[in-house]
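In: Mind folding the following:
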Amino acid sequence: MVKERIERVKGTRDLLPEDMAKRRWVFERIREVFEVYGFKEILTPTFEYTKLFQLRSGEEVVKQLYAFKDKGGRDISLRPDLTSSVARLFVNKFQNAPKPVKWYYITNMFRYEEPQSGRLREFWQAGVELIGSANIEADAEVIALMIESYLATDLKEFTVNIGDRVLLDEFAKMLGVEDDIGLMRLIDKKDKMSREDFIASLKDFGLSDDAIDKVLFLIELKGKPDEILPKAYELFKSDKAKEELKKIEELFELLKAYGVYDYALIDFGIARGFDYYTSIVFEAIAPNELGIGSIGGGGRYDNLIEVFGGKPTPATGFAIGIERLIPILESKGLLPSFRLSPDVFVIYIGKEFEVRAKAIEITQALRKAGIKAEYDLQGRKLRKALEYADKLEIPVVIILGKRDLAEGKVTIRDMATGEQKSVAIEKIVEEVKEMLG
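Out: Residues are numbered from 1 along each chain as shown. Modelled structure (predicted):
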């Protein structure tokens, strides 16, 4: 038989025990905050009909999906996010449920993109969707929740920057731009270009020098409300824009009540990539030297439920990028150290069945007492078994032989000091607990 070495698929990762310990720690802290806020966990299928994502983002979106025909000839895609699936689930079963519906998820997504720092083809997100409230309080709730989720992971140096798609629409009208979505996409890419390249792209888009100056002024509107809103009221003249600015003003007052105001900024240069956003949008930024941009984002999508065949229903939500968050936490020394080795390693000497069976009984007694324990499945010689325990930095070793068994005792060794003592078998758990502290 011809042997062939198979590598992992491009844009994916093998997550080792150390990686999973970090992820579990982050997931548990985020999940705890989600649930304190009253959100309940859901999980939708890994794949959906491709039409779901086409309805949301157009035919072109297929290029960014893992899209395929299944064996029944159906057009299927792996989920690129969970918002569409959640909206589909709501339309299918929950339109008449008490509002708001508050759901959260922590799961993997798939996008056919070129892998880069913080961006893989399979990636994980932790997110929430709040469906059924058009009130600004709903926007404040999810933004405050996002901020508290990052704080729960001990991240302190970050901001959640808040913009507004209605204002960008009004801005496009002011400039006489018909392709407002095209302009938003350009603005959304501004941080990935030099200023010169951004200006050149605006010229290529067909904007006049005066219009370009206005765009440059808009994307500089970033800071706290007392500094930014007076300038925004000067820029935006329509009644619709002024209503939206009042909404943002109220939003920041609500964030004060939540106690998270210090982490929030206005940034009218935020567009967010998805076309379905309808009003407040936001993204989280944590300064870093890893080349990682946004570590999460979200916004209001009041039309999406209707696009999927439901009754008009307001909604808002966000997603935190786990593959972006964890490297930043690691680079800042914010993740705790994880010891994955067992606390105790049981070594038996000899091949007698009764000795091997007693080693298992001792190991099980330790495990039932909540102590992480393993015994030597390989049946090594004593020196080799001790070397193995030392290499894995196992703090306590129990040594058992035929003579020990006859005397009803074992030898317990402290691997850090090399000290060892003889202990009665019935006292093992008590002694080990004392040694481990």
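In: all contacts plus neighbour counts: C-alpha atoms, from now on.
Out: Fine.
In: Report the separation between Met193 and Ile6.
Out: In this view, Met193 and Ile6 are 38 Å apart by C-alpha to C-alpha, to the nearest Å.
In: How about Phe217?
Out: 52 Å.
In: The two: who's more crowded?
Out: Neighbour totals were compared for Phe217 and Ile6, and Phe217 leads with 15 against 6 (other C-alpha atoms under 10 Å).
In: Give the helix, strand or coil label for Ala271.
Out: coil (DSSP: H, G, I helix; E, B strand; the rest coil).
In: Just the element for Pro230, please.
Out: helix 225-235 (DSSP states H and E).
In: How about that helix, which residues are buried there?
Out: Pro225, Ile228, Leu229, Ala232 (16 or more other C-alpha atoms under 10 Å).
In: List just the nearest of those to Ala416.
Out: Of all the buried residues of helix 225-235, Pro225 has the smallest distance to Ala416: 57.3 Å, by C-alpha to C-alpha.
In: That closest one contacts Glu249, doesn't it?
Out: Yes: Pro225 is in contact with Glu249 according to C-alpha atoms under 8 Å; the separation is 6.9 Å.
In: Any regions of the stretch 51-200 of the chain where pLDDT drops low?
Out: By pLDDT under 70, the weakly predicted segments of the stretch 51-200 of the chain are 118.
In: how about 80 then?
Out: Applying pLDDT under 80 to the stretch 51-200 of the chain flags residues 115-118, 180-181, 188-189, 191-192.
In: circling back to that earlier point, counting by contacts, list what the helix holding Pro230 packs against.
Out: Helix 225-235 makes packing contacts with helix 239-258, strand 264-267 when contacts are defined by 3 or more C-alpha pairs under 8 Å, 6 or more residues apart in numbering; DSSP states H and E.
In: just how off-centre is that helix within its chain?
Out: On the basis of C-alpha atoms, centre = their mean, to the nearest Å, helix 225-235 sits 33 Å off its chain's mean C-alpha point.
In: Check stretch 199-212 too.
Out: With C-alpha atoms, centre = their mean as the basis, stretch 199-212 stands 36 Å off its chain's centre.
In: same question, stretch 259-267
Out: Here stretch 259-267 is found 20 Å from its chain centre; the criterion is C-alpha atoms, centre = their mean.
In: and if you look at stretch 313-329?
Out: 5 Å.
In: for stretch 406-413, same thing?
Out: The answer for stretch 406-413 is 49 Å, by C-alpha atoms, centre = their mean.
In: gap between Leu255 and Val142?
Out: Taken as C-alpha to C-alpha, the span from Leu255 to Val142 is 10 Å.
In: same deal with Ser84?
Out: 18 Å.
In: what ranges do the helices span in the stretch 251-400 of the chain?
Out: Assigned by DSSP state H, counting those that start in this stretch, the stretch 251-400 of the chain shows helices spanning 304-307, 322-331, 353-368, 382-391.
In: Would you format those as TSV with distance to Ser422 and mean neighbour count included?
Out: Conversion of the helices of the stretch 251-400 of the chain to TSV gives the following (distance: least, C-alpha to C-alpha, whole Å; neighbours: other C-alpha atoms under 10 Å):
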stretch	distance to Ser422	mean neighbour count
helix 304-307	69	20
helix 322-331	42	19
helix 353-368	15	17
helix 382-391	17	15
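In: looking at these, which is closest to Ala286?
Out: Smallest distance to Ala286 across the helices of the stretch 251-400 of the chain (C-alpha to C-alpha): 7.9 Å, for helix 322-331.
In: Quick one: list the elements packing against that closest one.
Out: Using 3+ C-alpha pairs under 8 Å, 6+ apart, the elements in contact with helix 322-331 are helix 17-36, strand 122-131, strand 294-300.
In: Name the residues of the longest one that are buried.
Out: When burial is assessed from 16+ other C-alpha under 10 Å, helix 17-36 yields the following buried residues: Ala21, Lys22, Arg23, Val26, Phe27, Arg29, Ile30, Arg31, Val33, Phe34.
In: Likewise for stretch 336-352?
Out: Under the neighbour-count criterion of 16+ other C-alpha under 10 Å, stretch 336-352 has Ser341, Pro342, Asp343, Val344, Phe345, Val346, Ile347, Tyr348, Ile349, Gly350 buried.
In: next one: stretch 208-224
Out: Residues of stretch 208-224 classed as buried: Ala211, Ile212, Lys214, Val215, Leu216, Leu218, Leu221, Lys222, Gly223, Lys224 (neighbour count, 16+ other C-alpha under 10 Å).
In: show me the residues around Ile162 that make contact.
Out: With contacts defined as C-alpha atoms under 8 Å, 6 or more residues apart in numbering, the neighbours of Ile162 are Ala264, Leu265, Ile266, Asp267, Phe268, Ile270, Ile280, Val281, Phe282, Glu283.
In: quick one: Thr411 and Leu377, what's the gap?
Out: 19 Å.
In: meant to ask about Arg8
Out: Taking C-alpha to C-alpha, one finds Arg8 at 30 Å from Leu377.
In: Between the two, which is the more surrounded one?
Out: Between Arg8 and Leu377, counting by other C-alpha under 10 Å, Leu377 is the more crowded of the two (11 against 8).
In: and that one, what pLDDT?
Out: In this model, Leu377 is scored at 97, pLDDT.
In: Same question for Val2.
Out: 77.
In: Mind checking what secondary structure it has?
Out: Under three-state DSSP, Val2 comes out as coil.
In: pLDDT, distance to Arg300 and neighbour count added to the contacts of Ile162, as TSV?
Out: Below are these laid out as TSV (pLDDT from 0 to 100; distance: C-alpha to C-alpha, whole Å; neighbours: other C-alpha atoms under 10 Å):
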residue	pLDDT	distance to Arg300	neighbour count
Ala264	98	17	24
Leu265	97	17	20
Ile266	97	16	24
Asp267	94	16	24
Phe268	92	15	25
Ile270	88	13	26
Ile280	96	6	25
Val281	96	6	27
Phe282	97	9	27
Glu283	96	12	26
